[in-house]
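Q: Could you look at this predicted model? Sequence included:
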Amino acid sequence: MIEKRIHHERYAGEDQWRDMVEAEERKMKEREAAIKEQEEKENAKPSKHKKTRKPDEEHEKKNEKGSDKAKSS
């Protein structure tokens, strides 16, 4: 003989609360997956930035330009 079980909430709103928690957990997992996917895309893309100079080289270039102006004055 098969016994039929009846579901009872231990307190009013328990099922609704559990559903809300499950939905929120699902949303969190989706967000984390989207963030991880975005990070993987960013890491996979080749860098489009030009090779930057070292700060010392930039400083030397500026000084050269400044000294040229001083000489021409």
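A: Yep, that arrived.

Q: And for stretch 10-21, what's in contact with it?
A: residue 9 (Cβ atoms under 8 Å, 6 or more residues apart in numbering). Just so you know, the C-beta spots here come from the backbone N, C-alpha and C atoms, and that holds for glycine as well.

Q: Give me the average confidence score over that stretch.
A: Confidence over stretch 10-21 (mean pLDDT, whole number) is 94.

Q: how close does residue 32 sit to residue 26?
A: In this structure, residue 32 and residue 26 are 11 Å apart, going by Cβ to Cβ, to the nearest Å.

Q: How many residues are close by residue 12?
A: 8 (other Cβ atoms under 10 Å).

Q: Oops, could you answer that again for residue 40 instead?
A: Neighbourhood size, residue 40 [other Cβ under 10 Å]: 10.

Q: tell me which element it is part of?
A: Element membership of residue 40 [criterion: DSSP states H and E] is helix 14-44.

Q: for the protein, what are the low-confidence residue spans?
A: For the chain, residues meeting the criterion pLDDT under 70 lie at 46-73.

Q: again, only using 90
A: Along the chain, segments meeting pLDDT under 90 span 1-9, 41-73.

Q: now residue 35: how far from residue 41?
A: 11 Å.

Q: just residue 34 next, same as before
A: 11 Å.
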